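Enquirer: Output the structure for:
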Amino acid sequence: MKDKTIHILKEYFGYSDFRAGQERIIDEILCGHDVLGIMPTGAGKSLCFQVPALALEGTAIVISPLISLMKDQVDTLNEMGIKAAFINSSLNLQEYRNISIKAQNGEYKLLYIAPERLETEGFWELLSQMNISIIAIDEAHCISEWGHDFRPSYTKIADMIARLPRRPVVAALTATATIQVKHDIVRLLMLQKPYVLVTGFDRENLYFEVNKPTNKFDSLLKYIKKNVTNSGIVYCSTRKTVESVCEKLNEHGISATRYHAGLTDGERIANQEAFIFDKVQVIVATNAFGMGIDKSNTRYVIHYNMPKTMENYYQEAGRAGRDGEKADCMLFYRAGDIITNKLLIENSGSNVDKTNEYKKLQEMVDYCNTDSCLRKYILNYFGEDDSPNACDNCGNCIGNIERTDITTEAQKVLSCIKRTGERFGSGIITDVLKGSYSEKLRALGFDKLTTFGLMKDYSKETVKEIIAYLIAESFIDIKGDKYPILVLNAKAYSLLKGDSELYIKRIITKEKPKAKKSEHKISNDLFERLRVLRKVIADEQKVPPFIIFSDTTLKDMCSKLPVTGDAMLTVTGVGTFKLEKYGDRFMEVINYHISSNRVTL
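Expert: This next block holds a predicted model:
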């Protein structure tokens, strides 16, 4: 069977070897064993069920949470000559009927379905009439209420499997799962003595950095202009911020679009496709965007605001560098983001475990303020306690950490909160400390306080940063449902009395280490020519460019300069089907490059 799976891997997918963990999971599936695979984004989870689907008789049912994910994967499979289809709400009645008939006749090797379909009785009947080889559950963490993307429809999966005339092998796969979520997946899906494989959460190709810029937008613009040929995602915490950042990027000549839940379905789909098809360089989005987006050549993910949890952050950051090439994951941290997240938690309703939400938020704050290796912090969070103390590929490992004593400044802030009666938010406190002669402050008599103008030599942003940091470090509590009011606690009084000191960390980043040179010199000119050809073909086929060939494949072409079919088959990501379909056109460009530059092979 091993020879068969290797043949399938090369013939259809164009790879000579499996990645870590893939072969073991595939072997277990082919031996008839249920599996739970926890593998990081970009580790190739899809191959773990796609290869067995081609090796076994029948049709693999793939349960996937997002329409965009299904479409991308089905388009990719069809481009490889593999018969696949999807059933979800995007189909009209006639399309649904046509696909259902073909599925009953066994014409597909893989059929992707939305979990909500399992709530329809008629769909159960379709499944019962099919010869199902595997049930694959992608994004399996969605079944757990402890997960960050809980989907109630996932709880119907076990019932569906139990009602089938014959129980097929079940494969559950996800990128992020804490110990609690892992137990929930096994229990709620009723996996039978599953083989569990955790390949590790590390993504060595990703560079992590926490940036604390004075002006977020200026830093963002500078970074994007420096990476002007690359695709990237910018995550913002609110729709308003998405709109503002996207508008300003466009005003500065950056090709950007937006994505959030406030747009119409048509706008969201159009904007998402513009990004996936490389028609725009940047997409600015809330966390409503991304899960299941299989765009492999995203070179950076920037969080303009701090996410609420490490699970959210790592999944979103993991959308960079899915092709295995180097990519950046930058988090622009301002302590003010903590206030926004705490308000979101307070207003999240009575059904939310707020104690757990605050714990997760504090873990995210600790990540932003740690002076240790960022990668180690992430891996430790997900249970990998044996990771190295330094990775040499994050902002902390290659930067210097300075600690600044802000005890005096903090005491001034706390004193001001006390003297104003603990009845106001950070805006009023900042204005008092800055010495603002506004009508409101004069009416309240705050211009007579001893703390009035006590920090007039500090910028407004610095004062707000210190206030937010005091909130983050639990010196100040936030009260009030509608408007946040700052209140002192026992820890604050201890600091006011001089019983303790307070330091804030500031990262001074060194220049990032230069990427290791490839064994073979890559021609940027040839790479760009191949990218142009890929885009032309993608437009002809009406698919995203990365579905034709990934950046990794194009770079391997630049390195190997294949001019024959046999040579082209040695390129990573080129299988027999794609060689026959596109090989001649890419070899023509390579031949032109060789002859015009007098390259010696």
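Enquirer: What is the neighbour count of Gln272?
Expert: 19 (other Cβ atoms under 10 Å). All C-beta spots, glycine's among them, are computed from the backbone N, C-alpha and C.
Enquirer: now swap in Arg322 and tell me
Expert: 23.
Enquirer: who are the neighbours in contact with the nearest residue to it once chain neighbours are set aside?
Expert: Excluding the flanking residues, the one nearest Arg322 by Cβ to Cβ, 6 or more residues apart in numbering is Gly42, at 4.1 Å. For Gly42, the contacting residues are 203, 205, 318, 321-324, by Cβ atoms under 8 Å, 6 or more residues apart in numbering.
Enquirer: for Lys479, same thing?
Expert: Contacts of Lys479 by Cβ under 8 Å, 6+ apart are 485, 487.
Enquirer: And the pLDDT at it?
Expert: pLDDT, Lys479: 83.
Enquirer: try Lys240
Expert: For Lys240, the model assigns a pLDDT of 94.
Enquirer: Please apply the same query to Ser550.
Expert: In this model, Ser550 is scored at 90, pLDDT.
Enquirer: who touches it in this structure?
Expert: 296-297, 323, 573.
Enquirer: where's it relative to Tyr358, distance?
Expert: Distance of Ser550 to Tyr358, computed by Cβ to Cβ, to the nearest Å: 41 Å.
Enquirer: just Arg203 next, same as before
Expert: For Arg203, the distance to Tyr358 - Cβ to Cβ - is 28 Å.
Enquirer: Among the two, which residue is more densely surrounded?
Expert: Using other Cβ under 10 Å as the criterion, Arg203 and Tyr358 rank with Arg203 on top: 25 against 15.
Enquirer: What does that one show for phi and psi?
Expert: phi -120, psi 90 (degrees, to the nearest 10).
Enquirer: mind listing what it touches?
Expert: Arg203 sits in contact with 40-42, 318, 321, where contact means Cβ under 8 Å, 6+ apart.
Enquirer: Between those residues, identify the one with the most neighbours.
Expert: Gly321 (26 neighbours).
Enquirer: So it, which state does it fall into?
Expert: coil (DSSP: H, G, I helix; E, B strand; the rest coil).
Enquirer: what about the strands in the stretch 51-200 of the chain?
Expert: 59-63, 84-87, 110-113, 132-137, 169-174, 195-198 (DSSP state E, counting those that start in this stretch).
Enquirer: just for this structure, where's the confidence low?
Expert: Counting by pLDDT under 70, the ranges of the chain that qualify are 1, 147-148, 290-294, 349-352, 400-402, 481-482, 505-522, 599-601.
Enquirer: Tell me which residue lies farthest from the centre of it.
Expert: Distance from the centre of the chain peaks at Lys448, with 50.5 Å (Cα atoms, centre = their mean).
Enquirer: Now do the helices in the stretch 101-250 of the chain.
Expert: Here the stretch 101-250 of the chain has its helices, by DSSP state H, counting those that start in this stretch, at 121-128, 157-163, 179-188, 216-226, 239-251.
Enquirer: Might you calculate how far the first one sits from the centre of the chain?
Expert: Helix 121-128 has its average C-alpha position 34 Å from the chain's average C-alpha position, going by Cα atoms, centre = their mean, to the nearest Å.
Enquirer: cool, and the longest one?
Expert: When C-alpha coordinates are averaged (Cα atoms, centre = their mean), helix 239-251 and its chain have centres 20 Å apart.
Enquirer: Neighbouring strands of the helix or strand that that helix is followed by in the sheet, and parallel or not?
Expert: Downstream of helix 239-251, the first helix or strand assigned by DSSP states H and E is strand 256-259. Partners of strand 256-259 in the sheet, by DSSP bridges, are strand 282-285 (parallel).
Enquirer: Name the surrounding residues that touch the partner strand.
Expert: So strand 282-285 is in contact with 224, 231-236, 242, 245-246, 249, 254-260, 271-272, 274-275, 289, 304, going by Cβ under 8 Å, 6+ apart.
Enquirer: Mark out where each domain of this structure begins and ends.
Expert: 2-198, 206-399, 404-508, 524-596 (automatic domain parsing).
Enquirer: okay, how far is it across the last one, tip to tip?
Expert: It refers to domain 524-596. End-to-end distance for domain 524-596: 15 Å, by Cα to Cα, to the nearest Å.
Enquirer: Repeat that for the longest one.
Expert: Using Cα to Cα, the gap from the first to the last residue of domain 2-198 comes to 22 Å.
Enquirer: where's Val589 relative to Leu533, distance?
Expert: Val589 is 6 Å from Leu533, by Cβ to Cβ.
Enquirer: of the two, who's got more company?
Expert: Neighbour tally, Val589 and Leu533, criterion other Cβ under 10 Å: the higher count belongs to Leu533, 19 against 16.
Enquirer: List the residues that contact Thr89.
Expert: Just so we're on the same page, residue 89 is Ser rather than Thr. 67, 114, 116.
Enquirer: tell me, how many neighbours does the last one end up with?
Expert: When neighbours are defined as other Cβ under 10 Å, Glu116 has 16 of them.
Enquirer: ok, now the first one?
Expert: The burial metric for Ile67, expressed as a neighbour count using other Cβ under 10 Å, is 17.
Enquirer: and what of Leu93?
Expert: Neighbours of Leu93 (other Cβ under 10 Å): 7.
Enquirer: Make 25 the starting number, not 1.
Expert: That works, and once the first residue is 25, the last one we named lands at Leu117.
Enquirer: check contacts around the residue nearest to Asp41 when sequence neighbours are not counted.
Expert: Excluding the flanking residues, the one nearest Asp41 by Cβ to Cβ, 6+ apart is Leu33, at 8.0 Å. By Cβ under 8 Å, 6+ apart, the contact list for Leu33 reads 39-42, 71, 75.
Enquirer: again, only using 7 Å
Expert: The contact partners of Leu33, by Cβ atoms under 7 Å, 6 or more residues apart in numbering, come to 39, 42, 75.
Enquirer: again, but for Met214
Expert: Here Met214 is in contact with Ala182 (Cβ under 7 Å, 6+ apart).
Enquirer: go again using 8 Å as the cut-off
Expert: 182, 185-186.
Enquirer: quick revisit: now the contacts of strand 306-309: which count as buried?
Expert: 248, 255-260, 266, 269-270, 273, 278, 280-284, 295-296, 298-299, 313, 328 (16 or more other Cβ atoms under 10 Å).
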